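Peer 1: Here is the input, now give the coordinates:
(chains A, B, C and D)
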Amino acid sequence: MALFLIIIIPLIASVASFFVKKDMRVLSFIAVSASFLELTATLVTVASVMDSGLYRLNGYFFVDALGAVIIMLVAVVGAMASWYSTGYLKLEVAKRIIGFSRVRQYFILLHLFLLAMFFAVMSTSPILTWIAIEATTLSTAFLISFYNKPSAIEAAWKYLMINSVGLLLGFFGTFLFLYPSIHAGFPGLISWHDMLSHASALDPFIARMAFIFILIGYGTKVGLVPMHTWLPDAHSKAPAPISSLLSGVLLNVAFLALLRFKSVVDVAIGPYFSRELLVFFGVISISVAAFIIFSQKSYKRLLAYSSIEHMGIVALGFGFGGAGAFAALLHMIYHALTKSVLFLSAGNILVKYGSTKIRNVKGVLTVLPVTGILFFIGFLAITGVPPFGTFVTEFSILSAGIKTHPTTVIITLSVLALVFVGFLRHVVSITFGNSDIPMAKGESGLDTIVPIMLLAALLIIVSFFIPASMRSLLHSATINY
Amino acid sequence: MFNTLISSNIFFLSLLLWIAGAVGALVLSKNDRLANWWGNSFAILGSCVGLLFSLSVLIIGSTFSFNIDSTLPLLSLSFSVDKLSAFFIFLISLIALLASIYALGYVKHYYKKYNIGALGFFYNIFLAGMVMVVSAHNALFFLIVWEIMSLASYFLVIYENKEKENVQAGSLYFIMTHVGTAFITLAFLLLYRSTGSLDFGVIKETIGNSSPLIADTVFILALIGFGTKAGIIPFHIWLPNAHPAAPSHVSALMSGVMIKTGIYMFIRMFMDMLPDAPLWWGVVILILGAISSLFGVLYALTEHDIKRLLAYHSIENIGIILLGLGSSLVFWSLDMKPLAVLSLVAALFHTLNHAIFKALLFLGAGSVISQTHTRNMEEYGGLIKYMPQTALFFLAGSMAISALPPLNGFFSEWMTFQSLFSGIMASNVPVRWVFILAAGSLAFTGGLAAMCFVKAFGVTFLARPRSENVRHARESGFALRVGMAVLAALTLVIGFTAGSITNAVSGVVSDLSAFNSSEPAFFSTIQTVGMRNGFASISMPLILASLIVTMALTFFAVYLVSRNRKTKIGRTWDCGTTLGPRMEITATGFSNSIVTIFRGALKPTKQTSIEYRDEDMRYFQKSSTVELGIQDIYNRYFYQPVHMLTIKASEYMKRIQSGNINMYVLYILAILIALLFASGM
Amino acid sequence: MSIIIWTIQLALVPAVSPLCIGVVRKIKARFQNRVGAGIFQPYRDLWKLFHKDEVISEDASWIFKCAPYLIFSTTVIIGASIPLFTTIFSINVLGDLLVVIYLIALGTFFLALAGMDVGSAFGGFGSSREMTVAALTEGGLMFSILVPAFSAHSTNLFAISGAVASFSFFAFAPMILALAAFIIAMLAETGRFPFDNPATHLELTMIHEAMVLEYSGKRLALIEWAAANKFFIFLALGANLFFPWGMSSSERLGDVPLALILFFAKILAFSVFVAVLESTIVKFRFFRLPDLLFTSFILSIIAMSLTI
Amino acid sequence: MIPITPQILFFLETMLFASVVFMHIAKKNSGVIFLYAAQSLIIAIALFYSSLKEASLLLVVAAVATFLVKVIIVPYFFSGLIKKHRLQFSVSTYLNTPMTLIVLALLTAFSYSHFFGPLTILAPDKENALSLAIAMVLISIFLIINRKGALSQMVGILSLENAIVSFAYVAGLETTAGLQVGILFDIFIWVVIASVFASMIYRHFGSLNVSVLKHLKEE
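Peer 2: So this is what the prediction gives:
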């Protein structure tokens, strides 16, 4: 039932938003209430997964442990981003950057976007998952070009084209994965489960080839180098809440699809092949992102590159396998929360300063005291400074790989240090000092602060303490990796 | 059992007090006075408890360990306190206690300018972090508390964040310490690779089976990683910037004890965890120690910012500690354990001494700065008349750090000399030369340090005021003076009780499993400390006593002879002109001769710019300025090139993101084909 | 018995040091074709100064006032803890090489502070130069004495002279290098040519005199006396560490006169040597001094490598 | 009904392959779109034929929908774009025609090479057709790389999708009609959105040449 609600609420919300006339408060109300209902429904679902394992609905939808972790992220970040959106858009309307119809369009698409993500995670069929992920591309394209500026349109176009190419390659890979089930005469909808049970019939060669296609295809959506090229553009041009959803959640959803295929290919030819590939993509993603971060000029692009870097770390974790996989999943959680904190506070900074250039933004700590602190906390967490959990997960990932991939670990460690150095340079110049132009001090409203604070609080809590049930959920999610 | 129970309870009580102080200060941050009292009172209480705890461990000798499993993978919060840890906890608590008392008064001048609650928060966290660093027994937990310590100290460094250079200093510090942590992390990962455990105890037991290559690599990594924190040259560049930037009581803690956590980990890793050290480890540390001590003091001589000067002296003293530590490692690898014990005792003793006198000096500098509002020594002068007590305390610190008898610094330097001399006598030719050079550098270091503190004390406190700032100076508040007075007293007390303290410190050393059963190469009684082979002996109480007696006698005799003579007060002889403050020697002028002599290493720069009244004629000067500077050769020949190289690489990488969508799709096709190709091969 | 010997030891340095200065001055005067003052003139000078009124600068602090007492005391203590005419105090814990060197440094430290205290232009640069020379001398001084110390397996100065006395001729060879090093260090520490001119008041060249320019009366007397003590101490060190023959090695009082006579002979020889040196060479430019001091250090290192 | 022999499949694949090759050569946008329509028509017919053979009404619906979307609606959209923005000629390519053909030859050779050999397991007797389908995939991607025109790129993506569908068809991996319709719906929405964006690009940049999209790069 809860699962059904998760699917139906965003749909209703989207349709309802469509019929709203002239009143932004109604839109806000719909958005916040819908997203919190989703959050509740999701938590109920996750609780039942924790209790009794796999949760199914009529053969089309299911939630396993891995799915539970991801939908939880979608729901939590989704709820906070929706709440934040209400405050954020109000500011932009007040500044006459956008009008009401755009706000309505925004909320319609936002709900559709959330729907597509839930759908992609919970669908039993790989093809439906593919369709849903393609749908996330389609629903967010207009959100990315939301401000209708040439650069935003350019970003959206690149996003659309590159992801389409990537996803079509993923589509091709999916077909290759499906053949044993089809040859076994399976009628109708082929589920992940069917695929897994026929995995041993996969020809090793085709399995390898198929996984390469999948990895490149979904890797495009995940943002692994060198398929990442759309990501900095899109994430930096979208409105802040959308950026936080794109970076914090969507990447994980795509990664989930990748992982589902990985478990199939591991059954067919053993884990070595997929692990090596993930390690390869992981390490080049981290390295390239690290170097570009070092001399980055725009703080939103900085955050986008950091997402690439963290997806690289997650890939590395799953590539190392075992304890690394557990840590990688945990890292996904930390990254989702942290990156949302960062993007949302970056949103506040952008509204206040009106520039995404690092050199134009100074003295955030005095101008926006709360945002400044939150942004700095986010920075510490994202670069893996204790006491934040990212440090532990990064360490665990590296320790999982030190036996088999010592060189990779050394490279990763050094580029992680480089990321830190790069990040620090930029964040310090943003946070401290005094603003060049005089501006009014103070935050602009609770709606744009409280959601970030909640996310930060959650981040700090899970950095120190993970409930036992959650831990066993993570364990059962990564047992096969 | 009972002891253990009490110990662990007190230990956690001190941590708890600090954490309560931290949180409370943050909560009370609306009210400056309250936040100050809360934060520092809890810091004082926590330090007292910490002192009690460490003394009980040091005296009773019961080690204590404690383990809490965490909810995160690989991490377990395990503490273990043996005598070595207790020694460092003692050090931390002692300095923290006095620094916190000092802070009660010192922090007042930040009221209304900065957030006092935040200061209390990070200060207490910093204290707790340091204590946890020296008691952590699990590599991951260690790394976490290590970074918490660094993080807290980072925030303390940038506490006065309205000054741009403080923020820059903080960034440099944070970057260096984080990069250092990366090296440490790698070292622990390698240990994990060969032992499969992150527990220090397990690593210690099982590391012996792995190849020496691993141990060597870990040694180098740890040397760089912890050396960065300790401020060893050439990893020191953050230190002279960061220590001055922090509030003075924090500088005292950073210079006095935080950098010693690096030394602690050197001892813990090289002498406790890793298997028997090969000869070259010790030799490398000796060489680094020699370089650090000599260059540290040379750079200090060139400074006229009083806190930077003190910071460079920390580098020098870390070098001296390393000389002891390095010779200990050499002796250990040559299987001369008695001498190894001697050297390690020297190193630890100097660690203790440096903590005390460096904290004292920073606190003294702090009270001077709080009165004159500048760190530039050229604007001081004559402060001894305005702040007589501070001057006395600072003098004690200066004498101690210059290793002048009868204060404590002399004794530990004497012991370090003894270990180096033993090295010269006991080792074979190539190693002997290292020892000879190390002893030589120590000898020069001592002389140069004395020169530097004649300059520091003389320019700051003596002669006449050089600027108006000084004339407004008042003797600092009671809390400040208490903190300094106790430390100053300690320099003297530790000086003449050196024998007993040597006994206590050698108890710490013999608690290490490597030196469990070895007789030290020295004997120590309350009066005398000496080498067992009769090479040298010293009696600190006798030196003190003879100085007092002779001085009293001299005074008395002179009084007898010339008691009827009058003393007139007159002006200083001025060759007939009026003496202005400009005619006194400046700090820069004082050290100019040394800078000229060592110009090869210091590479002084001089920029002259003259402004003329008439640009065409260029005959009458309107103003002329001379800027003197020192090139930091490490910065110039190592850090700058690395930085430029990284930026270049970064610019190169950015070309990937060319903006051309066709290119982007090409990447996808290329990687697809490449992977298909590779997997088909 | 030993109490008497001990008293002689204690009083010897302050008692004889002005005489030593007088002798050197006399010889120098002879070299300059002057008659010169009598060799007891320094005693009369001191006596006169002790009975004069004193002028103290209004800028001076207690450092300026106390320094002479401290400086004088250190020289007395050192004088009591180095071998003069007997080696019997080798169990004396004061006789440690490092203690002596650092006590000297203590005196120098306060002398330099006193020089800065009054805020005159001369005092400051005098201190700066004094500390520069002192800092660079320390290595050469310590290492030159370490050469016999290593041979003697002790850094106790009494033990060193005892041991060196029993050396064979060949073992003594490297000692010559060490002696050269020691003499350079000695000249630097005691402010003699080519480092400093003890008789100058020419502002461009003076070091020691620049620091004590503001002193007068009893404090000047103490300072002068301390300087004389220091000079004597170094002569005694040179004489007894490198030419330790003829020292009494027992507590018998009968040995003492002979040992004393021999000791005075050696000191006289050293004084003549210094005086001749001062009369025949010129003072070096300040920035040439470091070369000389490093030479001293290097010489002692070479000597050390030959010894062990 | 005539059974679909490997020869017929090969013939169909050859036609599809040829259409992509001609897209590379075509200079006029209308030509490219015509080629796409032809390509889609072939696929629609093949789908229709096999749906008749399976005698499944749903599949017939799917085939008809394919026909409607890909042969009628999408080309209509595109020609609308062309008319609106007067884009008779496609913007230039990066490589000239001979070079393009050489690359095409290399890509085809790659897909015929032993790297793809074992794919025959999927359909043992249709080896050639499968290889051609793979070649078509690669060449379609190359179309996107080589062309600077936004329209040609869109067609390239659609042709890539056709290539994959044809591969699935040849390998006998068709999915259910429901899924086919779902995918088709996706494609349809995609075309709509992409066309809107193409118009926006034209409005903001004054051309459909994507090489003008250079605001977003690392400075």
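
Peer 1: For the helix ranked longest in chain D, name the packing helices and strands.
Peer 2: With secondary structure taken from DSSP state H, chain D has its longest helix at helix D:177-205. In this structure, helix D:177-205 packs against helix A:126-144, helix A:150-183, helix D:57-66, helix D:74-85, helix D:150-170, with contacts taken as 3 or more CB pairs under 8 Å, 6 or more residues apart in numbering or on different chains; DSSP states H and E. For the C-beta atoms, the positions are set from N, CA and C on the backbone; glycine is no exception.

Peer 1: For the residue of the stretch 101-250 of chain C found nearest chain B, what are phi and psi?
Peer 2: Residue of the stretch 101-250 of chain C nearest chain B, by CB to the nearest CB: C:Gly124 (2.5 Å). With angles defined as degrees, to the nearest 10, C:Gly124 sits at phi -60, psi -50.

Peer 1: Give the closest residue to it in space, chain neighbours not counted.
Peer 2: B:Ile585 (2.5 Å; CB to CB, 6 or more residues apart in numbering or on different chains).

Peer 1: Also C:Leu213?
Peer 2: Closest to C:Leu213 by CB to CB, 6+ apart is C:Phe122, at 5.3 Å.

Peer 1: Just the element for the one you found, please.
Peer 2: Here C:Phe122 sits within helix C:121-152, counting by DSSP states H and E.

Peer 1: average model confidence for that helix?
Peer 2: The average pLDDT for helix C:121-152 rounds to 89.

Peer 1: Dump the helices and strands packed on helix D:177-205 to a markdown table, plus distance to A:Val77 and mean neighbour count.
Peer 2: A markdown table is the format used below for the helices and strands packed on helix D:177-205 (distance: least, CB to CB, whole Å; neighbours: other CB atoms under 10 Å in any protein chain shown):
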| stretch | distance to A:Val77 | mean neighbour count |
| --- | --- | --- |
| helix A:126-144 | 14 | 24 |
| helix A:150-183 | 19 | 24 |
| helix D:57-66 | 36 | 18 |
| helix D:74-85 | 35 | 17 |
| helix D:150-170 | 30 | 25 |
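
Peer 1: between these, which gets nearest to chain C?
Peer 2: helix A:150-183 (63.5 Å).

Peer 1: Quick one: mean pLDDT over the helix or strand that that closest one is followed by.
Peer 2: Later in the chain than helix A:150-183, the nearest helix or strand by DSSP H and E is helix A:192-197. The pLDDT scores in helix A:192-197 average 89.

Peer 1: can you pull the buried residues of helix A:192-197?
Peer 2: A:192, A:194-197 (16 or more other CB atoms under 10 Å in any protein chain shown).

Peer 1: Which of these sits closest to D:Arg147?
Peer 2: The closest of the buried residues of helix A:192-197 to D:Arg147 turns out to be A:Met195 (CB to CB; 35.9 Å).

Peer 1: The closest one contacts A:Ile127, correct?
Peer 2: No: A:Met195 is beyond contact range of A:Ile127, at 10.7 Å (criterion: CB atoms under 8 Å).

Peer 1: shared neighbours of these two, anything?
Peer 2: Common contacts of A:Met195 and A:Ile127 (CB atoms under 8 Å, 6 or more residues apart in numbering or on different chains): A:Leu178.

Peer 1: touching chain C at all, the helix or strand containing B:Val330?
Peer 2: Using DSSP H and E, B:Val330 sits within helix B:306-333. No: judged by CB under 8 Å from any CB of the partner chain, helix B:306-333 stays clear of chain C, getting no closer than 13.0 Å.

Peer 1: Just want the residue of chain D that's nearest chain C.
Peer 2: Residue of chain D nearest chain C, by CB to the nearest CB: D:Glu219 (52.3 Å).

Peer 1: Please apply the same query to chain A.
Peer 2: For chain A, CB to the nearest CB, closest residue to chain C: A:Val421, 38.7 Å.

Peer 1: Same check on the stretch 101-250 of chain B?
Peer 2: For the stretch 101-250 of chain B, CB to the nearest CB, closest residue to chain C: B:Ile233, 19.2 Å.

Peer 1: just checking, that residue is part of a strand?
Peer 2: No: going by DSSP: H, G, I helix; E, B strand; the rest coil, the assignment for B:Ile233 is coil, not a strand.

Peer 1: Next, it: phi, psi?
Peer 2: The phi/psi pair for B:Ile233 (degrees, to the nearest 10) is phi -70, psi 130.
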